[in-house]
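Peer 1: With the input below, show me the fold.
(chains A and B)
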Amino acid sequence: QKEVEQNSGPLSVPEGAIASLNCTYSDRGSQSFFWYRQYSGKSPELIMFIYSNGDKEDGRFTAQLNKASQYVSLLIRDSQPSDSATYLCAAEDPITGGGNKLTFGTGTQLKVEL
Amino acid sequence: DAGVIQSPRHEVTEMGQEVTLRCKPISGHNSLFWYRQTMMRGLELLIYFNNNVPIDDSGMPEDRFSAKMPNASFSTLKIQPSEPRDSAVYFCASTQKGAYEQYFGPGTRLTVT
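Peer 2: This is a model prediction of the structure:
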């Protein structure tokens, strides 16, 4: 059973601080990893993906991947109240025929407090 | 583009009734995914299609669930008969082959009483 594990939270950080969200995965064959953001009552939307070991930065967001430790993280710098949401980590299964079969974690709820 | 379209947005039905959820993917996308989301189990992949062909239905919980994609612009997920434990939000998502991002529809909130 392929699993993606996340702490459900809530993770509370003050406005302007760095939020650190973590995720572990069980399938060493997974090559690509995704962070989706989901506001309450809304659908998930992709904010970052990463497939190489190391860091990938996009604005205030940095994704980190360590395949040896099977660990993925998302850092949000200068956290804003608008970042308050649930963050879903997902691992892509290698498949044939194209498309991205994803296994999602249950998500970490982030609260950015004024 | 209008994005992924799902209908209905909300469905309340009684146990034993048939439920049909509908999805229109983004034009030009050739992969379509059906997910179910609950508080306990999170977001689970039920089935996905490539070029209208079902590729992996291992996430379909049981024979009461079935999905079809008769053409590139339409898919259905049917539950017959429905049970209270089927209550969840059902999302449809689509993507282009080789692309990384899946685009999710607004979801259908299903309540089975």
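Peer 1: Show me the shaky parts of the chain.
Peer 2: Reading this off chain A. A:1, A:94-99 (pLDDT under 70).
Peer 1: hmm, I had chain B in mind actually
Peer 2: Applying pLDDT under 70 to chain B picks out residues B:1.
Peer 1: ranges for the strands of it?
Peer 2: With DSSP state E, the ranges of strands along chain B come out as B:5-7, B:10-13, B:19-24, B:31-38, B:42-50, B:53-56, B:65-71, B:74-79, B:88-95, B:103-104, B:108-112.
Peer 1: who's in contact with A:Phe61?
Peer 2: Applying C-beta atoms under 8 Å, 6 or more residues apart in numbering or on different chains to A:Phe61 gives the contacts A:35, A:47-48, A:74-77. Every C-beta, even on glycine, is put in place using the N, C-alpha and C of the backbone.
Peer 1: now B:Glu11
Peer 2: B:19, B:21, B:108-111.
Peer 1: List the contacts of B:Thr13.
Peer 2: B:19, B:82, B:110-113.
Peer 1: In the beta-sheet assignment, what are the partners of it?
Peer 2: For B:Thr13, the beta-bridge partners under DSSP bridges are B:Val112.
Peer 1: For the closest residue to A:Asn100 other than its chain neighbours, grab the count of nearby residues.
Peer 2: Residue nearest to A:Asn100 in three dimensions, not counting chain neighbours: A:Glu92, with 5.3 Å by C-beta to C-beta, 6 or more residues apart in numbering or on different chains. Neighbour count for A:Glu92, taken as other C-beta atoms under 10 Å in any protein chain shown: 20.
Peer 1: One more: B:Pro61?
Peer 2: B:Pro61: 13 neighbours (other C-beta under 10 Å).
Peer 1: residues contacting it?
Peer 2: Counted by C-beta under 8 Å, 6+ apart, B:Pro61 has contacts B:Leu46.
Peer 1: partners of the residue nearest the centre of chain B in the sheet?
Peer 2: Geometric centre of chain B, nearest residue: B:Trp34, 3.3 Å, by C-alpha atoms, centre = their mean. Beta-bridge partners of B:Trp34, counted by DSSP bridges, are B:Ile47, B:Cys92.
Peer 1: Next SSE downstream of the biggest strand by length in chain A?
Peer 2: Counting by DSSP E, the longest strand found in chain A is strand A:85-93. Next helix or strand after strand A:85-93 toward the C-terminus (DSSP states H and E): strand A:101-104.
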